[in-house]
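**Q** I need the structure of the sequence given here:
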Amino acid sequence: MKKKSLLLLGLVTLLVFPIPAFIGLYFIEGITPIQVMQFNRMDAYPIALGIIVGMLYAVVALGFMMAPVFEKLPTRIETVIAKMRLNTWHCLFLSLCAGVGEEILFRSGIQYFIGPIITSILFVAIHGYLNPFNWRISLYGIIVLPFIFLLSYALDEFGLWFCIGAHFSYDFVLFYIITHPIQTKTDS
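**A** As a prediction, this is how the structure comes out:
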């Protein structure tokens, strides 16, 4: 995927993904988009906590991604991302788009109707991480799944903005570390 296409996909995620949640919740339950966004729960504490949780889980997931078992994947996600040569602003933009757009759709929308367990599994599967034909990809999905469960169950306690903060920081840490590898003295 080219960088321009990826950035456009990010914008679509931000602007279009929330629409089904807004429409579904409004026409089925009478919940307005303002209520869906939980602006009344938009507070520094849950957002900061979400950002910390997302960053920590990203480091853990990245550690697992470096395990030898994943070396035989035909297309490693970090290889695809690294080839795009994203700068810091691209990483921030894409992470923000995914954090906001996907969390509104999945946590506020889909989860409202089908519950946290099925929504979490669906979320990981749609991202391509549960693949019955490739156990290594599914293994990564199993690594990510607890994080997604955490977001799903944290929604009631900490609100949508915790989930957005956690998702955003998880993606940003992964994007940034993958696209800005740490240089060691032997690399130069």
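**Q** The residue nearest the centre of the chain sits in which helix or strand?
**A** Central residue of the chain (Cα atoms, centre = their mean): residue 167, 4.4 Å from the mean position. Using DSSP states H and E, residue 167 sits within helix 160-179.
**Q** same thing with residue 58?
**A** Under the criterion of DSSP H and E, residue 58 resides in helix 44-65.
**Q** Give the other helices and strands that the following helix or strand past that helix contacts.
**A** Remark: after helix 44-65, the chain's next helix or strand is helix 77-83, criterion DSSP H and E. For helix 77-83, the elements it packs on are helix 160-179, judged by 3 or more Cβ pairs under 8 Å, 6 or more residues apart in numbering; DSSP states H and E. Where C-beta positions appear, they are placed from N, C-alpha and C, glycine not excepted.
**Q** got the CA coordinates for the helix it packs on in CSV?
**A** Provided in CSV are the C-alpha atoms of helix 160-179 (Å, rounded to 0.1, in the frame of the first residue of the first chain):
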residue,chain,number,x,y,z
LEU,A,160,-14.7,6.1,25.4
TRP,A,161,-11.8,8.6,25.8
PHE,A,162,-9.8,6.1,27.7
CYS,A,163,-10.3,3.6,24.8
ILE,A,164,-9.4,6.2,22.3
GLY,A,165,-6.2,7.2,24.2
ALA,A,166,-5.1,3.6,24.6
HIS,A,167,-5.8,2.7,21.0
PHE,A,168,-4.1,5.9,19.8
SER,A,169,-0.9,5.4,21.9
TYR,A,170,-0.7,1.7,21.1
ASP,A,171,-0.7,2.4,17.4
PHE,A,172,1.6,5.4,17.7
VAL,A,173,4.2,3.5,19.6
LEU,A,174,4.2,0.6,17.1
PHE,A,175,4.2,2.9,14.1
TYR,A,176,7.0,5.1,15.5
ILE,A,177,9.2,2.3,16.7
ILE,A,178,8.8,0.4,13.4
THR,A,179,9.5,3.5,11.2
